[in-house]
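1. only geometry, no sequence info:
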């Protein structure tokens, strides 16, 4: 393993600042601001090392720079400003008044949900385009047609899971398992038309399944399906796995869960395999894909370390932005929902308008939707001791 220590650059100019990408072109450059939490204010007194919390931003930045290197080989004319959002909201509020941010036509970032909300409202006033690369939070902005959310929301995950299930199983064989305080999540996972899935509510704490009888869920000769829209409580998921393992008595089952289950460390892989576990995921990086392998090699050659998902995200977001600017110019937010699919290293991207609540607006520049969201979600199945696409 390599250990990387960051040292001050020999130049008097900071390494995070202007990153111009200006191939020969007679057109004026598109002005782009890249806002990431490098947290340089939390660096050690000598300025040699940055806090570990800045690693996602550094990986994203490194991937983005490789994308910009590729875009510099085209006739796309870009001027990139890279700025540190820091951590607290007060610092970020001051950053919003920075001339480089105010002049930007397209803003990529920031990462923190509170910062995204502040940025979205300011950008809406200034008619700037915001590409939010990280947060999947619902309702970060309203009546903002130039806001693009790259990471699918819980609503998109729920719709993808329901669609995957209904293509394979009967709705009467499907049950949603939720703790009582999570009951409001069920709406995202229910079919939009046709018969609804059954719902089973458990206590919020303690022995979740002591008084829960799963036997009514089973039907002779048919696969019984369970959905657990929970992501942070390994104990709850493990308790359900034990309960189901006992109740199924060899009968076929399928369990659908959330992306965070990939990071669960206290659940034995045998449970994932035996219970036919599926999860939704915003991305799938295919290790056998030649483009993925080429990016990994290029990244290692450039930085001396391997890329993580943030690096792939940085690369995809900047490459998508470049592709959109080349094809549509600054009108690309309005054009994305009409396009079928976009391909990246992390999989496919499909964009849709998020419907607005309430009556249609009357203002000339408003639209009757809140923002644009990537709704492409992968369904992965545990097989060969890893999660792979479930075809």
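-> That came through fine. Here the structure is a predicted model, which is why all the values come from computation and not from measurement. Numbers count the residues shown, from 1 in each chain.
2. Taking the chain centroid, which residue in the protein is the extreme one?
-> Using CA atoms, centre = their mean, the residue of the chain lying farthest from its centre is residue 220. It sits 39.0 Å away.
3. Can you verify it is assigned to a helix?
-> No: going by DSSP: H, G, I helix; E, B strand; the rest coil, the assignment for residue 220 is coil, not a helix.
4. Give me the distance between it and residue 349.
-> Taken as CB to CB, to the nearest Å, the spacing of residue 220 relative to residue 349 amounts to 42 Å. C-beta coordinates here come from the backbone N, C-alpha and C atoms, glycine included.
5. Then residue 128?
-> To residue 349, residue 128 is 21 Å away according to CB to CB.
6. cool, residue 375 as well?
-> For residue 375, the distance to residue 349 - CB to CB - is 9 Å.
7. With residue 99 instead?
-> Distance of residue 99 to residue 349, given as CB to CB: 32 Å.
8. More neighbours: those two, which one.
-> residue 349 (21 against 8; other CB atoms under 10 Å).
9. residues contacting the nearest residue to the more buried one once chain neighbours are set aside?
-> Residue nearest to residue 349 in three dimensions, not counting chain neighbours: residue 342, with 4.3 Å by CB to CB, 6 or more residues apart in numbering. Applying CB atoms under 8 Å, 6 or more residues apart in numbering to residue 342 gives the contacts 320, 323, 348-351.
10. Identify the residues contacting the nearest residue to residue 60 once chain neighbours are set aside.
-> Spatially, and ignoring its direct neighbours in sequence, residue 60 is nearest to residue 314 (3.7 Å; CB to CB, 6+ apart). In this structure, residue 314 makes contact with 59-65, 67, 133, judged by CB under 8 Å, 6+ apart.
11. again, only using 10 Å
-> Residue 314 is in contact with 34, 36, 56-68, 108, 133, 307, counting by CB atoms under 10 Å, 6 or more residues apart in numbering.
12. before we move on, which element is it in?
-> Using DSSP states H and E, residue 314 sits in helix 309-328.
13. Can you tell me what sits against the helix or strand following that helix?
-> Using DSSP H and E, the helix or strand that follows helix 309-328 in sequence is helix 332-335. With CB under 10 Å, 6+ apart as the test, helix 332-335 has contacts from 106, 129-131, 144-148, 320-321, 323-329, 339, 351, 353, 367, 371-372.
14. of these, buried ones?
-> 106, 129-131, 144-148, 320-321, 323-325, 351, 353, 367, 371-372 (16 or more other CB atoms under 10 Å).
15. ok, residue 343 - how many residues close by?
-> When neighbours are counted by other CB under 10 Å, residue 343 registers 13.
16. for residue 84, same thing?
-> If we define neighbours as other CB under 10 Å, then residue 84 has 21 of them.
17. Under the pLDDT cut-off, which ranges of the stretch 251-391 of the chain? List them.
-> Residue ranges of the stretch 251-391 of the chain with pLDDT under 70: 358-367.
18. quick one, strands of it?
-> Under the criterion DSSP state E, counting those that start in this stretch, the stretch 251-391 of the chain contains strands at 253-257, 277-281, 342-344, 347-349, 351-355, 369-374, 378-383, 386-389.
19. ok so, going back, tell me the residues that contact both of residue 375 and residue 349, please.
-> Joint contacts of residue 375 and residue 349 (CB under 10 Å, 6+ apart) are residue 152.
20. buried stuff in stretch 236-252?
-> Per 16+ other CB under 10 Å, stretch 236-252 contains these buried residues: 236-241, 243-244, 247-248.
21. With pLDDT and distance to residue 178 as added columns, please give the residues you listed in a markdown table.
-> Formatted as a markdown table, the buried residues of stretch 236-252 follow (pLDDT from 0 to 100; distance: CB to CB, whole Å):
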| residue | pLDDT | distance to residue 178 |
| --- | --- | --- |
| 236 | 96 | 10 |
| 237 | 97 | 12 |
| 238 | 96 | 16 |
| 239 | 97 | 13 |
| 240 | 98 | 11 |
| 241 | 98 | 16 |
| 243 | 97 | 14 |
| 244 | 98 | 15 |
| 247 | 97 | 18 |
| 248 | 97 | 20 |
